[in-house]
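**Student:** take a look and give me a structure for this.
(one chain, ligands or ions: 1)
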Amino acid sequence: MPQNALVVNELGGPLALVERARPSPLAGEVLVRIEAAGLNPHDQKGRDNGLFVNLPGAILANDIAGLVESVGSNVTKFNKGDRIFGQSSLLGRGPDAAGLQQYCVLEADVSAHIPPSISFEEAATIPVNAIASFVAISHSTGLGVGFPRVVKESLDKQNIVIVGGGTSTGKFAVQFAKLAGFGGIIALASLASEDELRELGATHVVDRHAPDVGARVETLVGDDLIYVVDMVSRGDNQSFPVSLLSNTQKGEYASLVPGKVTEETAKLKKAGFERKGVLGLSHKHRDICVPFWDNISDWIVDGTVKVQRYAVVDGLDAEKVNALLDCYRDGVPTTKTLIRPNKLFSVRDST
Ligand SMILES: NC(=O)c1ccc[n+]([C@@H]2O[C@H](COP(=O)([O-])OP(=O)(O)OC[C@H]3O[C@@H](n4cnc5c(N)ncnc54)[C@H](OP(=O)(O)O)[C@@H]3O)[C@@H](O)[C@H]2O)c1
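**Tutor:** Alright, predicted model coming up:
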């Protein structure tokens, strides 16, 4: 059965509207009629640098929310017509698992039922950014605090610094730091996000534009900071967040973006530190991501995890999606945007 999709055919080229066949769910998968698909910065890197995609015919977007259209063999968790959300696979399933089309496949064990209290759009604000933050804090490839937490030590006397607290991933990191039980949750962000970050669980918000960010953090943590999670720093800029770690106790640093630390900074850390580059993929870290997807609906209902602000684009509108990806490329601030592939943009635009 044919469907519409937006595809990338050449690096740096614009997305183009095409017809392609609806995928069929394999064992363990469901076919989803997509009601909302979220764009993220990695989609721009996919279009322009080929990150996680194979050209031609690549399809972007991995935040998926929609209705189950059919189920593959071995799926007992979902039935046709269920409201479902999940992070579609960047590994192995290629364009069939991506969101800028009318139907895609999701793996059932790393997907969840959308609670009745939230919309498709709200659900689609969660998968990619929540998983990245959750992996960064909980998984052994990140800070490694564990989930479900086998309590080796309580974290209530520990602080965590979240660099890039104002990002979507940073806001989820605040919530998962609270869930993990950190006593002090220090978000570095613009003060415009302060109220929201405090509501999500930050105990302190340090203005990231202040000339003395390091000194302000030191006032809060002394020489005892062991945990730093970083959503934004790249290149040598990772020296600054690492400099915040204790000089006398071994520190843990996890970043979502590749970078490096100068030798000068590293030398100051007399007890050493571990530096982890995080890949927030449900399919790669099933040990904690399957439990994440088993719990996420309850966390939404009980308020542990809150959905984020969003904007919408109706239909597979290549021009609007290209313009949004250009904003990520050009560093223009954007609201998290959800594409609704099964809405007719020509109808909406004419009303
Ligand atoms: N490794 C992975 O698995 C993974 C997964 C998801 C995302 N990522 C990466 O993580 C990064 C963040 O993604 P996102 O979607 O969370 O970002 P986002 O929501 O688009 O980030 C926008 C916000 O970042 C803050 N910001 C901008 N420049 C900053 C800077 N120099 N220092 C600190 N904060 C800054 C601003 O907030 P304030 O002005 O309010 O502070 C801005 O509103 C991207 O590079 C993305 O590709 C990686």
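**Student:** quick one, helices of this protein?
**Tutor:** Assigned by DSSP state H, the helices in the chain fall at 41-49, 120-123, 127-138, 168-180, 194-200, 213-221, 239-243, 263-268, 286-301, 318-330, 345-349.
**Student:** and of those, who's closest to residue 78?
**Tutor:** Taking Cβ to Cβ, helix 286-301 is the member of the helices of the chain nearest to residue 78, at 11.7 Å. Any C-beta I mention is one placed from the backbone N, CA and C, and that applies to glycine too.
**Student:** contacts for the closest one?
**Tutor:** With contacts defined as Cβ atoms under 8 Å, 6 or more residues apart in numbering, helix 286-301 is touched by 86, 109-115, 117-118, 126, 130-131, 134-135, 138-139, 147-148, 179, 281-283, 304-307.
**Student:** and those residues, which are buried?
**Tutor:** Neighbour counting by 16 or more other Cβ atoms under 10 Å classes 86, 109-115, 118, 126, 130-131, 134-135, 138-139, 147, 179, 281-283, 305-307 among these as buried.
**Student:** point out where the stretch 101-250 of the chain drops to low pLDDT.
**Tutor:** 149-153 (pLDDT under 70).
**Student:** same thing but at 90, please
**Tutor:** For the stretch 101-250 of the chain, the stretches flagged by pLDDT under 90 are 146-154.
**Student:** which positions in it make contact with the ligand?
**Tutor:** With Cβ under 6 Å from any ligand atom as the criterion, the stretch 101-250 of the chain meets the ligand at residues 128-129, 132, 164, 166-169, 189-190, 192-193, 208, 231-232.
**Student:** can you rerun that using 8 Å?
**Tutor:** Proximity of the stretch 101-250 of the chain to the ligand, by Cβ under 8 Å from any ligand atom, involves residues 128-129, 131-132, 135-136, 163-171, 188-190, 192-193, 208, 231-234, 237.
**Student:** next up, the contacts around residue 240.
**Tutor:** 213-214, 233.
**Student:** would you check how far apart it and residue 261 are?
**Tutor:** 9 Å (Cβ to Cβ, to the nearest Å).
**Student:** next: residue 328.
**Tutor:** 26 Å.
**Student:** thinking again about what came up before, the residues of the stretch 101-250 of the chain next to the ligand, buried ones only, as a PyMOL selection?
**Tutor:** The following PyMOL line selects those of those that are buried, judged by 16+ other Cβ under 10 Å:
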select buried, resi 128+129+131+132+135+136+163+164+165+166+167+168+169+170+171+188+189+193+208+231+232+233+237
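**Student:** nearest spatial neighbour of residue 71, chain-adjacent residues omitted?
**Tutor:** Excluding the flanking residues, the one nearest residue 71 by Cβ to Cβ, 6 or more residues apart in numbering is residue 30, at 4.9 Å.
**Student:** report the beta-bridge partners for the one you found.
**Tutor:** In this entry, residue 30 is beta-bridged to residue 71, residue 106, by DSSP bridges.
**Student:** who are the neighbours in contact with the one residue sitting closest to the centre of the chain?
**Tutor:** Taking Cα atoms, centre = their mean, the centroid of the chain lies closest to residue 129, which sits 1.4 Å from it. Taking Cβ under 8 Å, 6+ apart, we find residue 129 in contact with 40, 63, 168-169, 171-172, 308, 336.
**Student:** distance to residue 287 added to the residues you listed, as a markdown table?
**Tutor:** Below are those laid out as a markdown table (distance: Cβ to Cβ, whole Å):
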| residue | distance to residue 287 |
| --- | --- |
| 40 | 23 |
| 63 | 22 |
| 168 | 24 |
| 169 | 21 |
| 171 | 25 |
| 172 | 19 |
| 308 | 26 |
| 336 | 28 |
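**Student:** farthest-separated two in the residues you listed?
**Tutor:** Among the contacts of residue 129, 63 and 171 lie farthest apart (Cβ to Cβ), at 14.7 Å.
**Student:** what residues go with each domain of the protein?
**Tutor:** Using automatic domain parsing, the domain ranges for the chain come out as 2-126+307-349, 130-277.
**Student:** end-to-end on the last one?
**Tutor:** When you say that, I think you mean domain 130-277. Start to finish, the residues bounding domain 130-277 are 16 Å apart (Cα to Cα, to the nearest Å).
**Student:** on that earlier part again, as JSON lines, the domains of the chain with distance to residue 298 would be great.
**Tutor:** Output for the domains of the chain, formatted as JSON lines (distance: least, Cβ to Cβ, whole Å):
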{"stretch": "domain 2-126+307-349", "distance to residue 298": "8"}
{"stretch": "domain 130-277", "distance to residue 298": "12"}
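**Student:** hmm, back to that, out of the helices of the chain, deepest packed?
**Tutor:** Most buried of these by mean neighbour count (mean count of other Cβ atoms under 10 Å) is helix 127-138; its value is a mean of 28.
**Student:** orientation of it relative to helix 168-180 in degrees?
**Tutor:** 50 degrees (axes from the mean of the first three to the mean of the last three Cα atoms, to 10 degrees).
**Student:** just want the residue of this protein that's nearest the ligand.
**Tutor:** residue 166 (2.4 Å; Cβ to the nearest ligand atom).
**Student:** pretty sure that residue contacts residue 195?
**Tutor:** No - Residue 166 is beyond contact range of residue 195, at 11.8 Å (criterion: Cβ atoms under 8 Å).
**Student:** overlap in contacts, those two.
**Tutor:** With Cβ under 8 Å, 6+ apart applied, the contact sets of residue 166 and residue 195 do not overlap.
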